[in-house]
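Novice: I would like to see how this sequence folds:
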Amino acid sequence: MKKISYRRHRFPPYIIQHAVWLYARFTLSYRDVEDLLAERGLDISYETIRRWFLKFDDPIARNLRSNRPSPNDIWHLDEMVIVIRGKRHWLWRAVDSKGEVLDFLIQPGRNAKAALKLMRKLLKKQGFAPTQVVTDKLKSYHKAFRILGLTAEHIDSKRSNNRAENSHLPVRGRERKMLRFKSPGSAQRFLNIQSATYNSFYFQRHLISRSHLKHYRAEAFGAWVSASKAA
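Specialist: The predicted model follows:
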């Protein structure tokens with residue numbers, strides 16, 4: 001895990017870290033974050049917050065991912081449509097059976113080529129093949145798996161893929177708040193840190209007690225502090 005340099009910034013690192021965390025963790029605009037900081041007596045413009053986010057989002061996301069435990073071998077794949085500048089794009093996403101976001105990819109098509117590209121990226125990044133893959137009934141997955149020679153059990157039932165479909169909900173909320181993404185590149189960049197932050201702070205609250213939730217939440221905050229630690 002690499003420490004991050006905050007040199008030549010007017011505000012101390014913990015304020016910058018908090019501003020970036022607010023924007024990445026919650027469905028807020030830069031102006032919303034500006035107001036929240038102003039309530040604490042901090043006069044920081046939304047443009048400054050935007051520049052902080054664009055500068056520190058990638059190194060923080062890398063550090064968060066490096067500190068995560070290995071995902072399990074049951075993968076859920078799904079795709080959702082997003083409109084960027086009047087054109088339809090597809091956000092392809094993969095999560096494991098516990099809801100951990102494994103990877104995502106924004107592509108112009110919803111076909112076998114796009115499914116193949118996502119799977120190759122997944123296999124390279126994770127370093128192992130899944131034992132079970134759950135998808136919807138899109139036939140492109142079948143073709144991609146045949147090309148790759150994937151031997152994992154394939155379940156193509158829409159009702160079985162709620163795990164992946166639910167993972168789209170935070171993105172939908174952000175899309176509405178931002179009045180849609182402005183470009184595929186900016187969307188990919190934002191989702192990079194958004195998914196890493198989501199993984200750290202996602203808990204299956206209905207399965208854990210309040211005392212355990214406090215423990216997991218403390219671990220999540222500790223992981224964020226470590227990932228954004230100053231050099």
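Novice: and the residue located most distally from the centre of the chain, how close does it get to Phe56?
Specialist: Relative to the average C-alpha location in the chain, and by CA atoms, centre = their mean, no residue lies farther out than Gly41, which sits at 30.7 Å. Taken as CB to CB, to the nearest Å, the spacing of Gly41 relative to Phe56 amounts to 22 Å. Bear in mind the C-beta positions are built from the backbone N, C-alpha and C, glycine included.
Novice: and if you look at Leu105?
Specialist: 23 Å.
Novice: now the element after the worst-scoring helix or strand of the chain on mean pLDDT, going C-ward?
Specialist: Of all the helices and strands that make up the chain, helix 162-166 has the lowest average by mean pLDDT, DSSP states H and E, namely a mean of 79. As assigned by DSSP states H and E, the chain's next helix or strand after helix 162-166 is helix 169-177.
Novice: show me what counts as buried in that following helix.
Specialist: For helix 169-177, the buried set under the neighbour-count rule, 16 or more other CB atoms under 10 Å, comprises Pro170, Val171, Arg174, Glu175.
Novice: hmm, who's touching it?
Specialist: Around helix 169-177, the neighbours that count as contacts under CB atoms under 8 Å, 6 or more residues apart in numbering are Thr27, Leu28, Ser29, Met80, Ile82, Leu91, Phe181, Phe190, Leu191, Gln194, Tyr198.
Novice: buried members of the residues you listed into PyMOL, please.
Specialist: Applying 16+ other CB under 10 Å to the contacts of helix 169-177, the buried members can be selected in PyMOL as follows:
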select buried, resi 28+29+80+82+91+181+190+191+194+198
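Novice: lowest-confidence member of the contacts of helix 169-177, which is it?
Specialist: Lowest-confidence member of the contacts of helix 169-177: Phe181, scoring 87 (pLDDT).
Novice: what about the closest residue to Ala227 other than its chain neighbours, which SS state?
Specialist: Once flanking residues are discounted, Ala227 sits nearest to Asn63: 3.6 Å by CB to CB, 6 or more residues apart in numbering. When the structure is reduced to helix, strand and coil (DSSP: H, G, I helix; E, B strand; the rest coil), Asn63 reads as helix.
Novice: and Asn63, how far is that from Arg50?
Specialist: For Asn63, the distance to Arg50 - CB to CB - is 21 Å.
Novice: domain ranges for this structure?
Specialist: With automatic domain parsing as the criterion, the domains of the chain are listed as 1-66+185-231, 74-182.
Novice: can you give me the strands for this structure?
Specialist: Counting by DSSP state E, residue ranges of the strands within the chain are 74-84, 87-96, 101-107, 132-135, 153-156.
Novice: select, out of the ones you listed, the one closest to His206.
Specialist: The closest of those to His206 is strand 87-96. By CB to CB, the value is 17.4 Å.
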